[in-house]
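Asks: Okay, predicted coordinates and the sequence, questions at the end:
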Amino acid sequence: MSKSSAPQPQAAGPSRAEQRLLCLRELEKKVLWLSTWTIHNANHLRANRDGLKVGGHQASCASLVTLMTALYFDVLRPEDRVAVKPHASPVFHAIQYLLGQQSRANLERFRSLGGAQSYPSRTKDVDDVDFSTGSVGLGVAMTTFASLAQDYVRLKGWAPEDLPEGRMVALVGDAELDEGNVYEALLEGWKHDLRNVWWVIDYNRQSLDAVITDRLFGRIDRMFSNLGWRVVTVKYGKRLQAVFEQPGGASLRRWIDDCPNSLYSALVFQGGAAWRRQLEADIGDEPGVRAILAAHDDDALAGLMTNLGGHDLETVLEAFHAVQGEAPTCFIAYTIKGLGLPFAGHKDNHAGIMNPEQMAEFKRRNRIPDGAEWDRFAGLDLPEETLQAFLDGVSFATEGPRCYEAARVPAPADLPLPRAATMSTQEGFGRILAELARDGGALAERIVTASPDVTVSTNLGGWVNRRGIFDRHPRRDVFTEQKVVSAQRWAMSPEGQHIELGIAENNLFTLLGALGLSHSLFGVRLLPVGTLYDPFIQRGLDALNYACYQDARFMVVATPSGITLAPEGGAHQSVGTPLIGMAQDGLASFEPAFVDELAAIMAWAFDYMQRGGDPNAAARSEANWLRDTAGGSVSLRLSTRPLAQPQRALSGALKEDIIAGGYWLKAPAPGAGLAIVYSGAVAPEAIAAHREILEDAPEAGLLAVTSADRLNAGWHAAEQARRSGKPQARAAAERLLAPLAPDAALVTVIDGHPAALSWLGAVDGHPVQALGVEHFGQSGDLPDLYRHYRIDAEAILEACAAACLARGRRRGAAAGGPTGVG
Ligand SMILES: Cc1ncc(C[n+]2csc(CCOP(=O)(O)OP(=O)(O)O)c2C)c(N)n1
Ligand SMILES: [Mg+2]
């Protein structure tokens with residue numbers, strides 16, 4: 001072959017890696033454009049019918065654009081799960097739109113009914129949200145407990161074979177680190193030898209109100225390393241790094257490192273000329289600095305000084321890809337809130353939205369033609385085919401939505417019923433679980449219990465003795481080995497089925513949320529049961545709400561409750577929890593008095609917790625507030641008060657009534673003028689008062705309310721159904737009250753806020769005397785406390801007498817007779 005005919009060397013095109021970077025840079029621009037435009041469209045271009053600001057957070061979005069572009073289009077794998085910083089929701093939706101998993105119509109309806117949600121939502125969004133976020137800090141902690149849940153199902157060998165282990169990733173606003181629940185989760189994660197978690201901190205040094213204090217961050221960094229986390233700081237972009245190598249670069253670097261957060265933010269906002277003035281004044285005399293400044297015009301200088309690590313794709317990609325292994329990793333990524341937008345760095349930019357003029361300029365800079373605002377590729381420098389081919393190959397999205405289904409665990413119709421003449425519901429609960437633990441079977445296998453340091457005192461001990469404590473590493477029970485006598489045998493191993501937590505109720509509920517989504521996240525059905533003291537529901541309430549909002553499925557057992565825990569004292573008494581049980585969406589709440597009721601409720605609950613299966617079913621079934629097809633979670637308010645147990649066998653119909661929320665313990669005679677209505681541990685007082693009242697009012701009934709929540713929800717559902725054209729709809733509460741005279745009096749009593757039962761008067765217009773607890777805080781024994789708070793038998797009798805007198809007066813008035821008493 002002659003030399004002249006040899007192939008000429010080709011001009012080298014971009015390497016594969018360079019080509020990827022080029023595509024990512026284009027997509028980064030598009031993600032910023034689309035997220036900004038989505039918010040603009042919602043605020044400026046949609047008809048506004050109510051005069052309310054629609055809102056959205058353009059600056060918070062801009063802060064995360066580079067990091068999320070890198071993660072979603074390059075770093076994440078389908079098995080990874082992400083909690084996105086709540087106010088970066090439009091960035092997430094824009095990315096899913098580019099990946100073909102979100103519709104333009106939904107983006108156009110951002111923040112309107114049925115459109116893309118203001119904060120990513122598992123249940124309300126359609127584009128494969130892994131973890132809902134909104135209440136800051138909770139999504140962050142969720143990743144910790146999701147990782148624990150993943151370990152749990154994988155170590156048991158239950159994970160589907162084709163589903164690799166994933167990383168649980170939180171995109172964290174730096175101000176989220178002010179939330180205490182984040183630290184509760186960090187500590188708990190350390191105890192459980194946390195793995196496969198990434199927290200990517202969007203370190204823009206701004207919160208909602210302000211610029212963050214400078215002294216904070218060295219601390220946070222050290223705290224992560226103290227708890228065994230790998231910390232990766234992503235501070236400077238490539239351009240800054242290159243300048244640092246030049247003469248004067250070291251001075252510039254030192255200046256940046258020493259610069260207070262507020263000044264940096266202010267200079268970002270002011271731009272190139274301000275940077276120049278400040279740098280000249282502060283370090284202009286240091287060798288090399290003036291040359292650096294001279295080499296950059298104002299725009300270039302502003303670009304250089306905002307070239308922080310979290311906005312530099314190459315730097316970010318290198319940082320993510322350099323991380324190997326499963327150690328929990330925190331990336332501190334320096335960013336600028338609002339970068340690329342006119343209010344970048346301004347301390348008041350949190351809720352700032354660009355005005356139409358600013359948007360027009362931004363659009364011009366992005367080279368978006370009119371009418372092409374929603375176009376996936378308009379204004380970009382690479383051909384559409386190249387970008388589409390890149391998107392088609394994005395590994396995170398290759399398998400489409402990643403929401404799994406898991407087979408239901410058959411729940412037996414009946415659970416073992418512990419027998420004893422006298423028992424508390426708390427003891428009954430412990431014995432039912434202990435029996436299940438002993439008998440084995442599919443249900444027992446999939447139950448996983450958890451408690452924040454109240455395992456023994458909520459009667460989970462029997463279950464734990466038989467089923468063991470979960471730990472990634474087998475650990476011996478030294479006390480047992482040393483033959484120290486103890487009722488608790490606490491060996492730990494991957495086979496264990498109880499997760500012991502430190503005292504942090506937030507963690508309990510976040511863990512229940514994660515375990516309760518295992519079917520959807522990891523393809524494995526679990527039946528989580530968590531116990532805590534009833535008053536401390538309030539400590540973890542936001543996390544409970546968060547778990548329900550995500551449609552996680554679990555059973556929470558709150559015990560002991562009310563003032564009935566008596567000598568334990570005021571700080572442990574709960575008053576408002578029955579109302580929480582009624583008001584919490586996604587949670588069916590029960591307060592049984594007797595253990596046979598409890599067993600029926602638990603059997604139903606293990607089935608109810610598994611109903612549905614479609615993540616959007618809950619949303620669609622909102623027309624039926626009882627959610628009986630969609631299912632949900634369950635809470636049980638129990639007590640340590642031993643009660644004489646009724647000797648009876650529950651019929652199927654009675655079990656149904658117990659689940660619907662109530663039944664007549666003593667049926668009223670037709671047309672009766674009085675009924676005593678009770679819930680939970682005050683049953684003996686109601687029974688005693690009822691027995692006594694029969695002498696004067698032999699027709700009076702005694703109504704047991706096992707679930708004020710479901711009775712109430714059923715009533716509302718029936719009202720709703722009738723309004724929407726189903727006149728035959730009838731609620732359990734209506735059926736129960738039907739035998740009473742139209743003007744019959746109800747005396748309600750509960751160890752909790754009286755409003756939990758007093759609404760029953762509104763069902764059929766019956767007047768109510770409502771007894772309950774509105775003040776709290778006394779230690780004492782039951783007779784003293786029930787008297788003090790007036791929920792004893794005597795108080796019930798007094799209320800019955802008052803009710804009957806009032807009824808007599810009303811009747812007298814109606815007949816035109818005297819209205820006085822006697
Ligand atoms: C529990 C809770 N409290 C308050 C808020 C209101 N809020 C929304 S964002 C925010 C500050 C967020 O700052 P940061 O996490 O740093 O995100 P950035 O906007 O800087 O990106 C606050 C206080 C909230 N969403 N949740
Ligand atoms: Mg911030």
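Replies: Arrived safely. Ligands and ions are numbered 1, 2, ... in the order given.
Asks: Which residues does stretch 254-269 contact?
Replies: 205-206, 211-214, 236, 240, 274-275, 278-279, 282-283, 302, 305-306, 336-337, 339, 343-347 (CB atoms under 8 Å, 6 or more residues apart in numbering). C-beta here means a position set from N, CA and C on the backbone, and glycine is covered the same way.
Asks: Just the buried residues of those residues.
Replies: Applying 16 or more other CB atoms under 10 Å to these, the neighbour count classes 205-206, 211-212, 236, 240, 274-275, 278-279, 283, 302, 305-306, 336-337, 339, 343-347 as buried.
Asks: Pull out whichever of these are also neighbours of ligand 2.
Replies: Gln206 (CB under 5 Å from the ion).
Asks: Quick one: the helices in the stretch 401-550 of the chain, in order.
Replies: Per DSSP state H, counting those that start in this stretch, the stretch 401-550 of the chain carries helices over the ranges 425-439, 442-446, 461-467, 478-481, 505-515, 518-522, 541-549.
Asks: Ser395 is nearest to which of those?
Replies: helix 518-522 (18.4 Å; CB to CB).
Asks: Could you list every helix and strand in contact with the closest one?
Replies: helix 138-155 (3 or more CB pairs under 8 Å, 6 or more residues apart in numbering; DSSP states H and E).
Asks: strands paired with whichever helix or strand comes after the helix it packs on, and their directions?
Replies: Remark: after helix 138-155, the chain's next helix or strand is strand 168-173, criterion DSSP states H and E. According to DSSP bridges, strand 168-173 forms sheet pairs with strand 81-83 (parallel), strand 197-203 (parallel).
Asks: Can I get the longest one in CSV, CA atoms only?
Replies: Listed next in CSV are the C-alpha coordinates belonging to strand 197-203 (Å, rounded to 0.1, in the frame of the first residue of the first chain):
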residue,chain,number,x,y,z
VAL,A,197,-27.7,6.2,51.9
TRP,A,198,-26.6,9.4,50.1
TRP,A,199,-27.5,12.8,51.4
VAL,A,200,-26.7,15.5,48.8
ILE,A,201,-26.8,18.8,50.7
ASP,A,202,-27.8,21.8,48.5
TYR,A,203,-25.5,24.1,50.4
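Asks: Give me the spatial nearest neighbour of the residue in the stretch 501-650 of the chain positioned nearest to ligand 2, chain neighbours excluded.
Replies: Nearest residue of the stretch 501-650 of the chain to ligand 2 (CB to the ion) works out as Asp542 at 20.1 Å. Distance criterion CB to CB, 6 or more residues apart in numbering; nearest residue to Asp542, sequence neighbours excluded, is Ser135 at 5.5 Å.
Asks: and the one you found, what is it in contact with?
Replies: Pro86, Asp542, Asn545, Tyr546.
Asks: Helix, strand, or coil at it?
Replies: coil (DSSP: H, G, I helix; E, B strand; the rest coil).
Asks: any idea of the pLDDT on it?
Replies: We have a pLDDT of 97 for Ser135.
Asks: ok, now Arg402?
Replies: For Arg402, the pLDDT comes out at 89.
Asks: And for it, the neighbour number?
Replies: 18 (other CB atoms under 10 Å).
Asks: Could you do the one 10 residues further on as well?
Replies: Taking other CB under 10 Å as the neighbour definition, Pro412 ends up with a count of 14.
Asks: repeat for Tyr72
Replies: 24.
Asks: then stretch 658-674 to PDB, C-alphas only?
Replies: Output of stretch 658-674 as PDB, limited to C-alpha atoms (Å, rounded to 0.1, in the frame of the first residue of the first chain):
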ATOM      1  CA  ILE A 658     -67.100  -3.600  65.900                       C
ATOM      2  CA  ILE A 659     -65.200  -2.800  62.700                       C
ATOM      3  CA  ALA A 660     -67.800  -0.300  61.600                       C
ATOM      4  CA  GLY A 661     -67.300   1.400  65.000                       C
ATOM      5  CA  GLY A 662     -69.900   0.400  67.500                       C
ATOM      6  CA  TYR A 663     -72.600  -2.000  68.800                       C
ATOM      7  CA  TRP A 664     -75.200  -2.100  71.500                       C
ATOM      8  CA  LEU A 665     -73.800  -3.800  74.600                       C
ATOM      9  CA  LYS A 666     -77.300  -3.500  76.000                       C
ATOM     10  CA  ALA A 667     -79.900  -2.800  73.300                       C
ATOM     11  CA  PRO A 668     -82.400   0.000  74.000                       C
ATOM     12  CA  ALA A 669     -86.100  -0.800  74.000                       C
ATOM     13  CA  PRO A 670     -87.700   0.700  70.800                       C
ATOM     14  CA  GLY A 671     -88.400   4.400  71.400                       C
ATOM     15  CA  ALA A 672     -86.000   4.600  74.400                       C
ATOM     16  CA  GLY A 673     -85.500   8.100  75.800                       C
ATOM     17  CA  LEU A 674     -81.900   7.600  77.000                       C
END
